[in-house]
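Student: structure for this input, please:
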Amino acid sequence: MDSLNSNTDQKKPPQNLYEMVVESASESIIITDQKGRITYTNPAFTDTFGYQKKEVVGQKIEMLIPKKHLTAHEDYRTSYYHHPKKRAMGVGMDLKAIKKGGTEFPVEIGLNYIKDRASTYVIALVNDISERKKLEETIEKAEKTAMMYLEVSKAMFLVLDKSNTIKYINEEGCNVMGYQREDLIGKPWVNSFIQEKDRKDIRAIFEQVMKGSTEVGEYYENNVITKGNKIRTIAWRNAVIYDQDNQPSMSISSGIDITDRKNLEKLKDIAMLEGIEAERKRIALDLHDGLVQSLSAVSMNLNALEKDMRTLPTSRSKMYHTAVDLLLSAIKDTRNISHSLLPIKLLRFGLRNALEDLINKTNKTGETQFQLDCTLKEHKLQDFVEVNIYRIIQELVQNILKHSRAGTANISLTESMSQLILKVSDNGIGFEGTLEEMQSNGIGMRNMVTRVRSMNGKLTLDSTESKGVIVDIEIPL
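Tutor: I've put the predicted structure just below:
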């Protein structure tokens with residue numbers, strides 16, 4: 001029996017354990033009686049308020065309340081004693097207390113109560129939240145500053161949640177899009193404001209951003225649909241907003257409307273290309289109507305002397321015929337150069353016939369055999385488009401002949417309701433590198449990219465070593 005009592009006593013906490021917990025608590029603990037008089041404070045109270053226990057025990061709790069809140073506090077205290085209940089710490093109230101010396105500071109207060117036969121006692125747990133308030137004020141000030149910057153910035157700022165829904169757009173963004181803010185917030189960005197042909201690519205970029213798999217600030221350009229179905233081109237830089245668990249929660253994008261700049265670049269491209277074609281035409285006509293005619297006249301005069309050449313020694317006659325052959329070859333080469341500079345069939349019979357002529361001639365002389373699949377409709381395209389498409393294919397054919405070591409190559413040119421689709425592929429050696437690197441290494445590739453850009457087109461290039469090259473070009477009509 002004694003043994004049993006001994007074991008039971010060991011399981012019970014020591015009588016002074018609860019007092020030890022209260023005394024060591026980090027929160028200030030104040031106990032008041034039914035008349036609002038302080039009956040107990042713990043050591044943390046002294047650290048927070050600056051009063052020793054003997055200075056406050058027996059005093060009204062209102063000695064710790066700012067004067068402007070005294071009346072309200074007395075009313076609340078009276079009401080609380082009549083209907084006591086547990087109140088969690090803080091509960092969103094803006095509370096203040098006074099330290100010894102009169103310094104006012106923000107606090108959080110949680111309330112509980114205990115009753116005995118004689119009275120009701122209130123237990124107040126008080127936290128000094130001065131540092132937290134300073135931090136909150138600093139954060140709030142930073143947020144206000146950031147929001148003010150976002151609103152006055154001449155860049156558009158767009159915040160999307162994980163589902164690609166617009167959570168925030170600044171004033172400049174509203175101006176670019178042509179809508180009021182309330183007309184944009186909550187709308188799905190991609191489905192509402194991105195052209196259908198670009199949605200797949202934009203979703204892929206968004207997913208990469210949200211996964212953190214793209215570099216912060218990485219640059220993108222894409223078209224957006226603004227009010228009235230107008231198209232604007234925006235240059236974006238994207239970043240990720242992380243939640244408290246350090247998980248991506250939203251994306252924030254800053255965008256600059258570069259539509260006018262793009263249009264100016266396009267006009268410059270068109271002017272440059274038209275200038276190039278005009279110069280080619282001039283040189284071609286000069287060769288055809290000038291040099292070729294002069295060489296042909298020389299050839300006719302030499303032919304007129306052929307009977308007289310029979311009286312010359314064999315060696316002299318042979319030299320004469322060699323000169324005539326070289327002259328005829330020069331006339332042929334000059335005509336070929338002239339036709340290359342100014343493809344007559346393109347001007348007279350259209351793009352399909354000109355391409356068929358180009359491929360037929362190439363297949364007769366080149367090691368690579370080209371297959372042309374051209375399903376263009378019968379109507380003629382704009383001259384600028386036809387010339388550019390012809391020049392692009394001409395450049396690609398030359399690149400394949402010079403660099404690919406391909407046995408075969410395929411050229412496909414089709415027309416849909418809204419665009420031209422050009423695909424050129426070969427089974428050659430391919431290469432390692434990006435389109436940008438290709439442009440830096442050759443003027444032909446730069447000119448091709450310029451031609452595509454001048455038609456608002458899109459060019460993609462796919463190649464790996466030993467697997468050939470695939471070039472895809474889409475031109476909107």
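Student: what bits of the stretch 51-200 of the chain have low per-residue confidence?
Tutor: 90-92 (pLDDT under 70).
Student: residue boundaries of the strands in the stretch 51-200 of the chain?
Tutor: Under the criterion DSSP state E, counting those that start in this stretch, the stretch 51-200 of the chain contains strands at 95-98, 104-115, 120-128, 156-161, 166-169.
Student: so residue 303 is in contact with residue 323, correct?
Tutor: No. Residue 303 lies out of contact with residue 323 (CB atoms under 8 Å); the separation is 11.6 Å. Every residue, glycine included, has its C-beta placed from N, CA and C.
Student: outline the domain layout of this protein.
Tutor: What automatic domain parsing lists as the domains of the chain is 2-128, 153-257, 260-342, 345-477.
Student: rank the ones you listed by pLDDT, which is bottom?
Tutor: Mean pLDDT is lowest for domain 260-342 out of the domains of the chain, coming in at a mean of 79.
Student: give me the distance between the two termini of that one.
Tutor: Length of domain 260-342, first residue to last, CA to CA, to the nearest Å: 33 Å.
Student: partner strands of the helix or strand residue 231 falls within, with direction?
Tutor: According to DSSP states H and E, residue 231 maps onto strand 230-242. Applying DSSP bridges, strand 230-242 is found paired with strand 219-226 (antiparallel), strand 248-257 (antiparallel).
Student: rewinding a little: and residue 138, which of the domains of the chain is closest to it?
Tutor: Comparing those against residue 138 with CB to CB, the closest turns out to be domain 2-128 (14.3 Å).
Student: what lies in contact with stretch 243-258?
Tutor: Residues outside stretch 243-258 that contact it (CB atoms under 8 Å, 6 or more residues apart in numbering): 153, 155-162, 167, 173, 176, 206, 209-212, 221, 232-242.
Student: now do the buried residues in it.
Tutor: For stretch 243-258, a neighbour-count test (16 or more other CB atoms under 10 Å) marks 250-257 as buried.
Student: swap in stretch 81-97?
Tutor: For stretch 81-97, the neighbour count (16+ other CB under 10 Å) marks 81, 84, 95, 97 as buried.
Student: with stretch 297-305 instead?
Tutor: Applying 16+ other CB under 10 Å to stretch 297-305 flags residue 302 as buried.
Student: send me it as CSV with only the CA atoms.
Tutor: Output of stretch 297-305 as CSV, limited to C-alpha atoms (Å, rounded to 0.1, in the frame of the first residue of the first chain):
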residue,chain,number,x,y,z
ALA,A,297,27.4,41.7,-130.8
VAL,A,298,31.0,40.7,-130.5
SER,A,299,29.9,37.0,-131.0
MET,A,300,28.0,37.9,-134.2
ASN,A,301,31.1,39.8,-135.5
LEU,A,302,33.3,36.8,-134.8
ASN,A,303,30.9,34.5,-136.4
ALA,A,304,31.0,36.7,-139.5
LEU,A,305,34.7,36.1,-139.7
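Student: quick one, helices of the stretch 301-450 of the chain?
Tutor: Assigned by DSSP state H, counting those that start in this stretch, the stretch 301-450 of the chain shows helices spanning 306-309, 314-341, 344-349, 351-365, 383-399, 435-441, 443-454.
Student: for residue 448, which of the strands of the stretch 51-200 of the chain is the nearest?
Tutor: Closest to residue 448 of the strands of the stretch 51-200 of the chain, according to CB to CB: strand 156-161, at 32.5 Å.
Student: can you tell which of the domains of the chain is closest to residue 140?
Tutor: Nearest to residue 140, of all the domains of the chain, is domain 2-128, at 13.9 Å by CB to CB.
Student: follow-up on the earlier one: ranking the strands of the stretch 51-200 of the chain by burial, who's on top?
Tutor: strand 156-161 (a mean of 20; mean count of other CB atoms under 10 Å).
Student: packing partners of that strand?
Tutor: Using 3 or more CB pairs under 8 Å, 6 or more residues apart in numbering; DSSP states H and E, the elements in contact with strand 156-161 are strand 166-169, helix 171-177, strand 248-257.
Student: and the helix or strand that the longest one is followed by, what's buried?
Tutor: Read it as strand 248-257. The C-terminal neighbour of strand 248-257 among helices and strands, as given by DSSP H and E, is helix 259-286. By neighbour count on 16+ other CB under 10 Å, the buried set for helix 259-286 is 259, 262, 269-270, 273, 277, 280, 284.
Student: check stretch 67-80 too.
Tutor: 69, 73, 77, 80.
Student: distance between that stretch and the chain's centre?
Tutor: 56 Å (CA atoms, centre = their mean, to the nearest Å).
Student: could you do stretch 453-471 as well?
Tutor: 22 Å.
Student: swap in stretch 144-156?
Tutor: 19 Å.
Student: circling back: and the domains of the chain as a markdown table, adding distance to residue 140?
Tutor: A markdown table is the format used below for the domains of the chain (distance: least, CB to CB, whole Å):
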| stretch | distance to residue 140 |
| --- | --- |
| domain 2-128 | 14 |
| domain 153-257 | 17 |
| domain 260-342 | 38 |
| domain 345-477 | 45 |
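Student: residues in contact with stretch 349-358?
Tutor: Counting by CB under 8 Å, 6+ apart, 343, 345-346, 372, 374, 376, 380-381, 386, 389-390, 393-394, 397, 411, 413 sit against stretch 349-358.
Student: now with 10 Å, please.
Tutor: For stretch 349-358, the external contacting residues (CB atoms under 10 Å, 6 or more residues apart in numbering) are 339-340, 343-348, 370, 372, 374-381, 383, 385-387, 389-390, 393-394, 397, 411, 413, 420.
Student: filter those residues down to the buried ones.
Tutor: The neighbour count (16+ other CB under 10 Å) marks 339, 343, 345-346, 370, 372, 374, 376, 381, 385-387, 389-390, 393-394, 397, 411, 413, 420 as buried among these.
Student: among the contacts of stretch 243-258, which ones are buried?
Tutor: Buried residues within the contacts of stretch 243-258, counting neighbours by 16+ other CB under 10 Å: 155-160, 167, 173, 176, 206, 209-210, 232-236, 238-240.
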